[in-house]
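Visitor: Next come a sequence and a model predicted from it.
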Amino acid sequence: MSEIGGQSPSRYRVGFALEPKKVQSFLQNSLIDHAKNHAIELIPIDLTTAIHQQLPFHSIIHKLHSPQWTQQLRHFSLHNPSIPIIDPPDAVDRLHDRVTMLDSVPKLSLQNDVVSVSVPKQAVANDERTAIEGLDSVNLRFPVIAKPLAADGSASSHNLCLVFDREGLKSLNYPVVVQEFVNHGGAVFKIYVAGRHVTCVRRKSLADITQEEIKNLKGAVPFSQVSNMKGSREQEEEGDGVEMPPEGLVSELGRGLREALGLNLFNVDVIRDANDEKRYLVIDINYFPGYAKLPCYETFFTNFLLDVVHGKNTV
Ligand SMILES: O=P(O)(O)O[C@@H]1[C@@H](OP(=O)(O)O)[C@H](OP(=O)(O)O)[C@H](O)[C@H](OP(=O)(O)O)[C@H]1OP(=O)(O)O
Ligand SMILES: Nc1ncnc2c1ncn2[C@@H]1O[C@H](COP(=O)(O)OP(=O)(O)O)[C@@H](O)[C@H]1O
Ligand SMILES: [Mg+2]
Ligand SMILES: [Mg+2]
């Protein structure tokens with residue numbers, strides 16, 4: 001990266017443009033101190049003041065959704081082309097739609113004799129009629145999962161539903177993506193990417209749906225209620241026993257998606273089909289997720305920042 005004043009600085013300043021809630025959850029003292037010990041100062045950008053008045057920055061990292069912010073960032077970037085912006089707003093935008101976010105996955109062609117990585121069958125629906133047509137067109141049967149098409153960080157974008165029959169399609173808030181529900185043993189793998197650094201953790205997920213539940217459940221069940229469904233309680237800790245994905249898969253998926261998406265900061269939710277152990281499915285990709293939930297996030301994230309300020313970050 002270019003050097004301010006033509007000299008290699010002894011300290012670096014990285015600006016963060018984040019919602020106040022994210023400043024609190026992400027910019028914890030432990031991270032600030034760790035980065036400081038590596039000569040990097042982490043600075044929350046004041047969103048009420050123009051960016052250029054807050055210079056110098058050696059890089060800017062952002063997660064804000066308003067068009068005004070994007071406009072301000074584009075303008076700033078045009079006048080300060082040597083300051084890396086992480087990441088390009090257009091590339092981030094692709095993750096704000098649950099169809100385009102998964103577009104790159106099949107193109108990676110990650111498959112061999114032991115594993116295959118794909119996305120669940122899915123169709124976009126604007127109303128009940130197009131939902132039925134969409135399900136038919138991709139040969140999907142109930143139960144399906146309905147997700148708001150927009151994944152724009154709003155609370156409603158996380159309101160998902162399990163849909164057990166046609167009646168259930170009536171109560172959805174369209175537009176949605178109707179997606180194949182895949183039993184996966186109650187565990188989701190979260191692959192976190194920060195530049196060339198990739199790591200994976202396992203988290204508790206939705207419990208599997210039994211044949212009996214498929215017969216008995218009707219309509220649409222919002223997600224928050226699913227864990228209270230009869231029969232799912234005893235599966236609560238089931239995710240604990242699920243084997244982690246092979247390291248090669250984690251690193252190849254992280255690296256491949258980083259390149260294909262043109263993004264440095266994201267995580268990928270992956271499940272493994274309980275009825276076909278070869279089959280891994282990418283179900284969600286999130287921009288600048290909650291890294292603070294990672295063990296040792298201070299080291300993980302600071303290593304990425306060191307690459308950035310030393311010009312070793314290539315995407
Ligand atoms: O707040 P956290 O730590 O739960 O992070 C959220 C992420 O959780 P995760 O790290 O994947 O467990 C969360 O991931 P999921 O969509 O829940 O898989 C989102 O990235 C969320 O951002 P947004 O609401 O989609 O803009 C993230 O929220 P923000 O922190 O960006 O508001
Ligand atoms: N196709 C699917 N089959 C089974 N479970 C799923 C599927 N898609 C999502 N889930 C479950 O729903 C959770 C939330 O879905 P996700 O697509 O990650 O939305 P969000 O953006 O709100 O995190 C996942 O962590 C997983 O437990
Ligand atoms: Mg998710
Ligand atoms: Mg998400």
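Guide: Cool, the structure landed. Ligands and ions are numbered 1, 2, ... in the order given.

Visitor: contacts, neighbours, all on C-alpha from now
Guide: Will do.

Visitor: wait, what's in contact with the residue in the stretch 1-150 of the chain that ligand 1 sits nearest to?
Guide: Nearest residue of the stretch 1-150 of the chain to ligand 1 (Cα to the nearest ligand atom) works out as residue 22 at 5.3 Å. Shown in contact with residue 22 (Cα atoms under 8 Å, 6 or more residues apart in numbering): no residues.

Visitor: What segments of this protein are strands?
Guide: 12-18, 40-44, 59-63, 85-86, 116-118, 122-125, 144-148, 161-163, 176-180, 187-194, 197-204, 220-222, 265-272, 279-287 (DSSP state E).

Visitor: Just put those strands in TSV and tack on mean pLDDT and mean neighbour count.
Guide: Output for the strands of the chain, formatted as TSV (pLDDT from 0 to 100; neighbours: other Cα atoms under 10 Å):
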stretch	mean pLDDT	mean neighbour count
strand 12-18	98	21
strand 40-44	98	19
strand 59-63	98	21
strand 85-86	96	20
strand 116-118	98	20
strand 122-125	98	22
strand 144-148	98	25
strand 161-163	96	25
strand 176-180	98	24
strand 187-194	97	24
strand 197-204	96	17
strand 220-222	94	19
strand 265-272	98	24
strand 279-287	98	20
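
Visitor: Distance to residue 243 added to the ones you listed, as TSV?
Guide: Below are these laid out as TSV (distance: least, Cα to Cα, whole Å):
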stretch	distance to residue 243
strand 12-18	35
strand 40-44	37
strand 59-63	33
strand 85-86	33
strand 116-118	16
strand 122-125	26
strand 144-148	24
strand 161-163	25
strand 176-180	22
strand 187-194	9
strand 197-204	9
strand 220-222	28
strand 265-272	10
strand 279-287	12
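
Visitor: isn't residue 150 right next to residue 157, touching?
Guide: Yes: in this structure, residue 150 is within contact of residue 157 by Cα atoms under 8 Å, at 6.1 Å.

Visitor: Name whatever forms a beta bridge with residue 161.
Guide: residue 146, residue 222 (DSSP bridges).

Visitor: and residue 137, how many neighbours does it have?
Guide: Per other Cα atoms under 10 Å, the neighbour tally for residue 137 reads 11.

Visitor: same deal with residue 80?
Guide: Counted with other Cα under 10 Å, the neighbours of residue 80 add up to 12.

Visitor: And residue 31, by the same measure?
Guide: 20.

Visitor: who's in contact with the spatially closest residue to residue 62 that is not a sequence neighbour?
Guide: In space, and not counting its chain neighbours, residue 62 is closest to residue 17: 4.6 Å by Cα to Cα, 6 or more residues apart in numbering. With contacts defined as Cα under 8 Å, 6+ apart, residue 17 is in contact with 44-47, 60-64.

Visitor: mind running it again at 10 Å?
Guide: 23, 43-47, 51, 60-64, 69 (Cα atoms under 10 Å, 6 or more residues apart in numbering).

Visitor: rewinding a little: a markdown table for the strands of the chain, including distance to ligand 1?
Guide: Output for those, formatted as a markdown table (distance: least, Cα to the nearest ligand atom, whole Å):
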| stretch | distance to ligand 1 |
| --- | --- |
| strand 12-18 | 9 |
| strand 40-44 | 15 |
| strand 59-63 | 7 |
| strand 85-86 | 15 |
| strand 116-118 | 17 |
| strand 122-125 | 18 |
| strand 144-148 | 11 |
| strand 161-163 | 14 |
| strand 176-180 | 15 |
| strand 187-194 | 7 |
| strand 197-204 | 9 |
| strand 220-222 | 15 |
| strand 265-272 | 6 |
| strand 279-287 | 4 |
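
Visitor: May I have the longest helix anywhere in the chain exported as CSV, CA atoms only?
Guide: With secondary structure taken from DSSP state H, the chain has its longest helix at helix 247-261. Taking Å, rounded to 0.1, in the frame of the first residue of the first chain, the C-alpha atoms of helix 247-261 are listed here in CSV:
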residue,chain,number,x,y,z
GLU,A,247,-9.7,-28.9,6.6
GLY,A,248,-9.1,-28.9,2.8
LEU,A,249,-12.8,-28.2,2.1
VAL,A,250,-12.8,-25.3,4.6
SER,A,251,-9.8,-23.7,3.1
GLU,A,252,-10.7,-24.3,-0.5
LEU,A,253,-14.2,-23.0,0.0
GLY,A,254,-13.0,-19.9,1.9
ARG,A,255,-10.3,-19.1,-0.7
GLY,A,256,-12.4,-19.9,-3.7
LEU,A,257,-15.3,-17.7,-2.5
ARG,A,258,-13.0,-14.9,-1.5
GLU,A,259,-11.7,-14.8,-5.0
ALA,A,260,-15.1,-15.3,-6.7
LEU,A,261,-16.9,-12.8,-4.6
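
Visitor: Alright, that wraps it up for me.
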